[in-house]
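K.L.:
Structure here, sequence nowhere to be found:
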């Protein structure tokens, strides 16, 4: 029986060792290599040609999201399974859009990890229960109640520009230079759009921009 060749990518040595030990107990799965960041993972993939890459997202040098995009472009037959401690929709959706076959959290049971690897190998999609819940909640949030207008539609074109630039990390002074207005005007636009969206912090503004696909991570 052919074994599923797996490459484990995570910047924590203990995490990789733990996963290796657990997967060694599964008869039809073989760990063929490890990598500590996305850049190293791409090199290992070219050499080892695994069937499934178990990809952490938050890593130095090159994160899992960018590594997934590059890997899927260069090796479309190789499946990527995202493995992370986060299960919010702002993490789930971008990695699925990047080409991952599934998303599973590090809090999942070992049996779920093995099932996810086998599903990805067969060409099926797999979402952990918490990730699936996050996607359902995200979808429900996008559907305005009957007669309710999407707050984003209330923003002016300039407010949408400011929203995007703020979410990308630009300061008010930088935005002022880009839009050729005063920093005070930028602050006014920022205050106006946050009131319309009922958002009260820059962190929530960034999360909103990710959910609306205004920016990606």
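P.N.:
Looks like it came in fine. Everything numeric in this text was worked out from a predicted model, so none of it was measured.

K.L.:
For this protein, list the residue farthest from the centre, please.
P.N.:
The centre of the chain is farthest from one residue, residue 182, which by C-alpha atoms, centre = their mean lies 34.8 Å away.

K.L.:
Measure how buried the closest residue to residue 28 other than its chain neighbours is and give me the count.
P.N.:
With sequence-adjacent residues excluded and distances taken as C-beta to C-beta, 6 or more residues apart in numbering, residue 28 is closest to residue 3, at 5.5 Å. All C-beta atoms are positioned from the backbone trio N, CA, C, and that covers glycine. As a burial measure, residue 3 scores 13 neighbours (other C-beta atoms under 10 Å).

K.L.:
same deal with the one 5 residues further on?
P.N.:
If you count neighbours by other C-beta under 10 Å, residue 8 ends up with 26.

K.L.:
measure it to residue 159 for me?
P.N.:
44 Å (C-beta to C-beta, to the nearest Å).

K.L.:
Ok, residue 119 next?
P.N.:
Taking C-beta to C-beta, one finds residue 119 at 43 Å from residue 159.

K.L.:
any idea which element the residue lying closest to residue 163 once chain neighbours are set aside lies in?
P.N.:
Computed as C-beta to C-beta, 6+ apart, the closest residue to residue 163 that is not its neighbour in sequence is residue 193, at 5.4 Å. In this assignment (DSSP states H and E), residue 193 forms part of helix 183-197.
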